[in-house]
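**Student:** Sequence and predicted structure, then a few things I'm wondering about:
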Amino acid sequence: MSLGRISFSVLLFVFLFNGISAQYFQSGPQVETFYSEIDDSEQPYALYLPESFNPDKTYPLVVMLHGAMSNHRLALKRVFGKTNLPGESDAEASRYFPPWEDVEYIVVAPYARGTMGYVGIPEDDVMQVIEKCRKDFKIDEDRIYLTGLSMGGGGTLFIGLSRPDLFAAIAPVCPAPPAEAFDLEENALNLPMAIHQGGADPVVKPEGTRRIVEELRSVGTMVEYYEYPEVHHDSWANAYANGNIFKWFDGIVRNPYPGRVRFATRWYKYPGAYWVKIDKLTPGTLARIDAEFTGENQVNVETDNLKAFSLNLKNHPQFESSKLLKVIIDGQEISSLPRFNHSFHKEGGKWVTGRYIAPVMAKKAGLEGPVYEVVTERHVYVFGTKNADDPDEINRRKSVAREAADFSVSLGGYFEQNSTVNPRVIADRQVTHFDRYHSNMVLFGTKETNSVIAEIGDKLPMHLENTTDSLGLVYCYPHNGNLVVVSSGLPFWTFVPDDKDQQPLHGSRFGGASGAQALKGMKDFLLFNRSNQNVIVEGYFNHDWTLPKEAVNTLKSHGVVINTRE
């Protein structure tokens, strides 16, 4: 071997051993990818780096969310004020990035699975892109901003309101928010907003946006509202023209230690903001906390549907760690020992100091339901081959699982999108140790038809044993530190209109949606007759994953066998 080859090998070894990043980023617009564990795929996002990009410099970050039937490439163009040329289709406009005025921001636009909205898997994609930017670049944590148009404007509201302490400011444009956003408006107390809207928008009506603005202002949110007379749905051309959005973001810096924090949530997935963390709630029920410093080391707290919380006061300018903290919780005064983290929980209806530690078999972040959450993380669909000697029967079971794995989107004939989520569909005999311990599983069949259900059957809360072909049972449940969905009888997306003119429902309920999309709107468990609109019983498991007493008798009376936990 030549000396040159030896030297190269040594340099390569030193290079890899020292963990030096070999990734090179050019300035200007480009497309990058990140790895999604949800379905083992590479997901794209558009990225802009300033012309004079310096990897050693700290930059603010702008995250841009595209609208329905759009993509990451167009979104990056839009936020820089570039609309399509006359007669140019979106497909043609997606092929290139035109020149635009440089800004001293890093800008990213996730593809986020196209037109799936920004709740669940697309929401996770957005967060993954933000985390990748934090890893690849030096990001100013107090200058992260979020904006988006139409569906992306709604996503801006939802993601911003569910994580208000992540962003310095948000700017929704003609926002079409998901239902999940409307409970969270009070969370924006410390989150400045600029909302843009076309005055003649036929898609996102200005009346609805004005109502959102009024509701936000009524709870103290700092909202600037810009309505453009006679402008239709393309109000982004006004909102993003001439770098306006970057000029608005300039100078807005996140305050990580506000004097008052308000936060509302239904799920452990969104546990708190700034220096307030919710430790125990009832998943699915809206819990609220309003915490405010009224003086040095004095905090007044008001709660609703809340059972435990913590205050992380390290570095807060109104907290002196060497002194006692006086906290008034729902009118009850408590003096807490000097420390940075102060925790409180309810005992016998009264607030006491001490951290709540969730039992092993309790609802918590990542293990709380409802059923749709199972398919928003890494998951696999499993059909049964037990007691099926006929290949046609196995193929029938497989086709059901394949249909369940379909995340295709269709809404009222306005648009259709083939699934951009592609999880694995496997037979029960193909389930591996990795699947059991590192993936959520969607299991089809019963103990008699699916060997995985039979294997873990004594650990599951219930089984459908009624042989009638008119019932469908679906529920989620924790197992091996993950969640499983069990679907027995009729598939959970079975929808039968009451009459031939009845249209499928969309949004708040699950009827009419096919495959995995039908899980949206469901709770922890559902038993139905002939159609998922004909509900026999549905609800949430208790905090310890037991069935509510009122549901047990109804389930039993319809052929469901209940397992009693020891």
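**Tutor:** Great, that's in hand. Keep in mind that this is a model prediction, so the values were computed, not measured.
**Student:** Okay, now stretch 496-516: how far is its last residue from its first?
**Tutor:** The stretch stretch 496-516 measures 17 Å between its terminal residues, going by C-alpha to C-alpha, to the nearest Å.
**Student:** At which residues are the strands of the stretch 151-300 of the chain located?
**Tutor:** Using DSSP state E, counting those that start in this stretch, the strands of the stretch 151-300 of the chain run over residues 169-173, 193-198, 223-228, 260-265, 272-273, 276-280, 287-295, 298-304.
**Student:** so what strands line up beside the shortest one?
**Tutor:** Looking back up the chat, that one is strand 272-273. strand 276-280 (antiparallel) (DSSP bridges).
**Student:** Repeat that for the longest one.
**Tutor:** Applying DSSP bridges to the sheet, strand 287-295 is found paired with strand 260-265 (antiparallel), strand 298-304 (antiparallel).
**Student:** if you compare those, which one is most tucked away?
**Tutor:** Between those, strand 260-265 has the highest mean count of neighbours, a mean of 22, where neighbours are mean count of other C-beta atoms under 10 Å. C-betas here are computed from N, CA, C, even on glycine.
**Student:** Now do it: everything it contacts.
**Tutor:** In this structure, residues lying in contact with strand 260-265 by C-beta atoms under 8 Å, 6 or more residues apart in numbering are 162, 164, 183-184, 186-187, 189-190, 219, 271-276, 278, 281, 286-293.
**Student:** State whether residue 78 is indeed within a helix.
**Tutor:** Yes: counting by DSSP: H, G, I helix; E, B strand; the rest coil, residue 78 is located in a helix.
**Student:** Any of the contacts of strand 260-265 buried? List them.
**Tutor:** With burial judged by 16 or more other C-beta atoms under 10 Å, the buried subset of those is 162, 164, 184, 186-187, 189-190, 271-276, 278, 281, 287-291, 293.
**Student:** and of the strands paired with strand 287-295, who's closest to residue 57?
**Tutor:** Taking C-beta to C-beta as the criterion, residue 57 comes closest to strand 260-265 out of the strands paired with strand 287-295, the separation being 31.6 Å.
**Student:** Which helix or strand contains residue 373?
**Tutor:** helix 371-374 (DSSP states H and E).
**Student:** ok, residues contacting that helix?
**Tutor:** 120, 269, 440, 442, 474-476, 483-485, 492, 519-526.
**Student:** quick one, domains of this protein?
**Tutor:** The chain breaks down into these structural domains: 25-249, 260-353, 371-562 (assignment by automatic domain parsing).
**Student:** And the shortest one, how far out from the chain middle?
**Tutor:** Yep, that's domain 260-353 we're talking about. Taking the mean of its C-alpha atoms, domain 260-353 sits 24 Å from the chain's own mean (C-alpha atoms, centre = their mean, to the nearest Å).
**Student:** Report the rounded mean pLDDT for it.
**Tutor:** Mean pLDDT, computed over domain 260-353, is 95.
**Student:** Renumber starting at 615 from here on
**Tutor:** Sounds good: first residue 615 from here, last item domain 874-967.
**Student:** pLDDT score for residue 631?
**Tutor:** Confidence at residue 631, expressed as pLDDT, is 44.
**Student:** brain fart, residue 623
**Tutor:** The pLDDT attached to residue 623 in the predicted structure is 45.
**Student:** coming back round to it: got CSV for the strands paired with strand 901-909, with distance to residue 697 too?
**Tutor:** Rendered in CSV, the data for these read as follows (distance: least, C-beta to C-beta, whole Å):
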stretch, distance to residue 697
strand 874-879, 37
strand 912-918, 45
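**Student:** between those, which one is nearest to residue 1048?
**Tutor:** Shortest separation from residue 1048 across the strands paired with strand 901-909 is recorded for strand 874-879, at 32.1 Å, computed as C-beta to C-beta.
**Student:** In PDB, list the C-alpha atoms belonging to the closest one.
**Tutor:** Once side chains and other backbone atoms are set aside, the C-alpha atoms of strand 874-879 remain, and they are given as PDB (Å, rounded to 0.1, in the frame of the first residue of the first chain):
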ATOM      1  CA  ARG A 874     -47.600  35.100  34.400                       C
ATOM      2  CA  VAL A 875     -48.200  31.800  32.700                       C
ATOM      3  CA  ARG A 876     -51.600  30.400  31.500                       C
ATOM      4  CA  PHE A 877     -51.800  27.000  30.100                       C
ATOM      5  CA  ALA A 878     -54.600  24.600  29.100                       C
ATOM      6  CA  THR A 879     -54.200  21.000  27.800                       C
END
